[in-house]
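S.K.: got a predicted structure plus its sequence, pasted below:
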Amino acid sequence: MSIELLTENHGNEIEELLSLTSNYTKIISPFMGKNTCEKLSKFINTNKIKCKIITRFYREDFIQNVNSLDGLLSLLKAGAEIRALIDLHSKLYIFDNSYSIITSANYTFRGLYTNYELGVKLENEQEINVKCEEYFDNLWDRIEEYNKNNHNKAIITEELIEEEKRIVNISSSTRTSTTTNFNDTKQGAQLDVKPNQNYDLVEKIFSPSYKITEKNIFGYWLKFTSGSKNRHDPDKEYLDFENDFSKNKTFFPRQPIGIKAGDRLYLASISSDQDNVLTPIIMARCETEGFNKSNEITKRFDNWMNWMDDYPFYIICKNMEIIKGPVKNGISLLSVYRELLGKIYPSTFGNTDITFESIRKFHYQKDKLRITSIASEYINKELDKKFEQYGKIIIS
């Protein structure tokens, strides 16, 4: 559970949270950039997540290229739902029910990577995250109610975008350096402002009366050390896949900025258990020094391995303890799922209806997942049993 002030790296933070998202993301942003939208579209397609977006649809924004019709089109093709709201100014990013970002940054390249922006990241702050979702859902519902009475004017469709692109192209072609006319055509819901919604999110976040409870602190991660394309041989040892450079590190496809110094990692090889069932096998635990920008492989060197092109970012592990013997001696993640079900992940914690069949898919196409303190305690006990049975290798 944490509250973090964001003064830079908005884009990296959002990419990190998208990589951890299993179910849905909700976004409020007046401006949507082409490159950022296309990147989000890939996340939607790859992770099979649902996406709802509230944005502006002003013709002058498209003419001035501060909002992207191509970007919005790519999101629609990926399955996102988009609604337009006139006079929209707020920016809010929600990832499952675990993370939220309230910020000044629009979902554009400049907003996320180059502008001076200020935001707050809420990690497993359940009470405030609920308020963020209430804010989004209330706005979405009011827009849908507007649509019922106004011929769906606030629903953004592929047909609407294609027609708007044609009009914008004509309008842009007639502009010159001396053009002073401003196109004030706007599409979207026109809602009455509700000035007091009984809560101020930022005031709530920094209120002295807001208490952090230990049960919501999550400084633990499940890290997958291989992928479906390069599974670990279950009959070989964990370190057989490492060399002198890599053995005390774990690698990532994107900057793992969410992992902080002192966080506990449980390292799982994508392999098979003793019954030859395909599953991640937890083989080790370690503490981390967190991520810094120098932890990146930028060129080939003596200990370079082929997969490092796809996983160039790394974190150094401290006090690593590894189960001796072949990988199949480790802890099957499927067995952890059977024992804990929804208690394993913050985003599923408290969901008593979740089934084994649904929880067993949560790690698909993920390089890491945050886990709960309950899961950490359980895995520690199981690892201690394995260490007693097979012995352990320590890398300090």
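M.R.: Right, received. Where do you want to start?

S.K.: give me the secondary structure label for Lys381.
M.R.: helix (DSSP: H, G, I helix; E, B strand; the rest coil).

S.K.: how about the contacts made by it?
M.R.: For Lys381, the contact set (Cβ atoms under 8 Å, 6 or more residues apart in numbering) is empty. (Each C-beta comes from the backbone N, C-alpha and C, glycine too.)

S.K.: quick check, pLDDT for it.
M.R.: You'll see Lys381 listed with a pLDDT of 95.

S.K.: please enumerate the strands of the stretch 151-300 of the chain.
M.R.: 186-187, 220-224, 249-252, 264-272, 278-288 (DSSP state E, counting those that start in this stretch).

S.K.: which secondary structure elements does the fourth one contact?
M.R.: Other helices and strands packing on strand 264-272, by 3 or more Cβ pairs under 8 Å, 6 or more residues apart in numbering; DSSP states H and E, are strand 220-224, strand 278-288, strand 313-323, helix 373-390.

S.K.: buried stuff in the last one?
M.R.: Right, helix 373-390. Using 16 or more other Cβ atoms under 10 Å as the test for burial, helix 373-390 gives 373, 375-376, 378-379, 382-383, 386-387.

S.K.: out of the residues you listed, which one sits closest to Asn329?
M.R.: Lys386 (6.7 Å; Cβ to Cβ).

S.K.: touching, that closest one and Gly330? I think so.
M.R.: Yes. In this structure Lys386 lies within contact range of Gly330 using Cβ atoms under 8 Å: 6.7 Å.

S.K.: which residues do those two both contact?
M.R.: Common neighbours of Lys386 and Gly330 (Cβ under 8 Å, 6+ apart) are Ile323.

S.K.: tally up the residues packed near Leu278, please.
M.R.: For Leu278, the count of nearby residues is 12 (other Cβ atoms under 10 Å).

S.K.: skipping adjacent residues, who's closest to it in space?
M.R.: With Cβ to Cβ, 6 or more residues apart in numbering as the criterion, Leu278 has its nearest non-adjacent residue at 5.5 Å, and that residue is Ser272.

S.K.: ok now do that neighbour, which residues does it touch?
M.R.: Contacts of Ser272 by Cβ under 8 Å, 6+ apart are 231, 234, 278-279, 281, 328.

S.K.: residues contacting Asp244?
M.R.: By Cβ under 8 Å, 6+ apart, the contact list for Asp244 reads Asn303.

S.K.: coming back round to it: now, which of the contacts of Ser272 sits nearest Ile354?
M.R.: Thr279 (18.2 Å).

S.K.: partners of the closest one in the sheet?
M.R.: Beta-bridge pairing for Thr279 (DSSP bridges): Ser271.

S.K.: against Leu334, how distant is it?
M.R.: In this view, Thr279 and Leu334 are 5 Å apart by Cβ to Cβ, to the nearest Å.

S.K.: just want to know which of these two has more residues nearby.
M.R.: More neighbours surround Thr279 than the other of Thr279 and Leu334, with 23 against 17 (other Cβ under 10 Å).

S.K.: per-residue confidence for that one?
M.R.: Listed pLDDT for Thr279 reads 91.

S.K.: do the same with Asn230
M.R.: The model's pLDDT for Asn230 equals 73.
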